[in-house]
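Undergrad: Sequence first, then the predicted structure:
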Amino acid sequence: MDQFFIRRCSLAVGCVLIFYTAAHAGQVQNPADMIRIWAGPFLMGSNDGPEDERPQHQVTLGEFWIDRTPVTNEQFALFLNAVGPKGPVGENYFDVDDNDARVHRRDGKWLADKGSEVHPVVEASWYGALAYCRWVGKRLPTEAEWEKAARGTDGRKYPWGNEPPDRSRAHYNAGWNEHRPVDSFPKGASTYGVLDMSGNAWEWVSSAYLPYPYDSKDGREDLIRDQVRGTRGGGQDSHPEELTTTHRGRHVSRNFRSGHHNIGFRCAR
């Protein structure tokens with residue numbers, strides 16, 4: 001059987017190598033299931049949206065990769081089995097006692113609830129999202145990276161273009177915990193082929209929720225400082241106006257120390 005190592009990291013102790021088999025790797029995430037986003041400039045924000053999207057400005061990014069789909073309950077359960085729901089200094093990774101969680105401990109093992117295995121994981125805190133991405137050798141995307149992966153370089157309003165949302169492209173205006181499998185809306189893919197960037201679950205980004213223009217050197221990418229963190233993309237209970245590529249979730253409850261019923265995440269590298 002093929003074998004390999006991946007990094008397990010924490011804010012307190014840095015990274016260590018952990019031994020896995022190839023079969024386990026496929027369950028966590030297929031490394032090939034990432035999308036390449038080319039280096040270069042794009043337009044970030046909007047001059048005709050909510051105040052926190054203004055001003056529209058040009059941002060230039062280096063090349064990066066981003067997960068094609070959000071992290072699922074099944075994938076996050078593997079992380080919990082390896083790491084646990086708390087970090088090395090007591091930081092909360094997952095709200096295990098919340099009724100909205102769809103990963104539970106049964107017979108000594110963390111397992112996704114039946115029927116929710118490939119739904120986006122929710123109730124992971126920002127710390128949990130950060131730790132998971134590090135555990136698989138990746139990181140959270142910055143807010144700018146997330147928007148470029150969703151928007152492309154042509155300034156589109158939605159990942160698929162400028163046409164308004166419909167049920168073939170996104171999951172929205174749904175009930176409290178009515179999520180869908182993360183690959184359910186291929187018609188809603190971004191120009192790069194990234195899925196689920198509108199609706200189904202908001203997504204944590206690494207960046208603090210600070211005013212524009214975006215500047216990666218102004219402290220918003222400081223991962224140690226206590227700061228309210230950004231969320232992007234809209235959730236299953238969002239209205240259509242929250243599904244744009246520029247919406248920053250200004251009314252979303254997002255205490256970064258806790259999980260939430262409508263916030264998930266994906267990784268980048």
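TA: Great, that's in hand.

Undergrad: Can you give the distance from stretch 249-261 to the centre of its chain?
TA: Distance, stretch centre to chain centre, for stretch 249-261: 13 Å (CA atoms, centre = their mean, to the nearest Å).

Undergrad: give me the number of residues near residue 215?
TA: Using other CB atoms under 10 Å, residue 215 has 13 other residues around it. C-betas here are computed from N, CA, C, even on glycine.

Undergrad: so what's the backbone phi/psi at residue 127?
TA: Main-chain dihedrals, residue 127, degrees, to the nearest 10: phi -60, psi -40.

Undergrad: wait, what's in contact with it?
TA: Residue 127 makes contact with 11, 87, 91, 92, 93, 256, 257 under the criterion CB atoms under 8 Å, 6 or more residues apart in numbering.

Undergrad: By neighbours, which of these wins?
TA: residue 93 leads the contacts of residue 127 on contacts (other CB under 10 Å) with 25 neighbours.

Undergrad: Can you tell me, leaving aside adjacent residues, what's nearest to it?
TA: residue 128 (3.4 Å; CB to CB, 6 or more residues apart in numbering).

Undergrad: the bottom helix or strand of this protein by mean pLDDT?
TA: strand 14-21 (a mean of 35; mean pLDDT, DSSP states H and E).

Undergrad: Am I right that the residue nearest to residue 93 is in a helix?
TA: Yes: membership of residue 128 in a helix is supported by DSSP: H, G, I helix; E, B strand; the rest coil.

Undergrad: quick one: it and residue 86 touch, right?
TA: No: with contact defined as CB atoms under 8 Å, residue 128 does not reach residue 86; the gap is 9.4 Å.

Undergrad: Neighbour count: these two, which is higher?
TA: residue 128 (29 against 15).

Undergrad: Does residue 258 touch residue 125 like I think?
TA: Yes: using CB under 8 Å, residue 258 is in contact with residue 125, at 5.4 Å.

Undergrad: what sits in contact with each of those two?
TA: Contacts common to residue 258 and residue 125, judged by CB under 8 Å, 6+ apart, are 92, 95.

Undergrad: Just want to know which of these two has more residues nearby.
TA: Legend: neighbour count by other CB under 10 Å for residue 258 and residue 125, higher for residue 125 (26 against 18).

Undergrad: hang on, the earlier thing: residues contacting the residue nearest to residue 93?
TA: Contacts of residue 128 (CB under 8 Å, 6+ apart): 76, 85, 92, 93, 94, 259.

Undergrad: Now render those residues as CSV, adding pLDDT and secondary structure.
TA: Conversion of those to CSV gives the following (pLDDT from 0 to 100; DSSP: H, G, I helix; E, B strand; the rest coil):
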residue, pLDDT, secondary structure
76, 98, helix
85, 98, coil
92, 98, strand
93, 98, coil
94, 98, strand
259, 97, coil
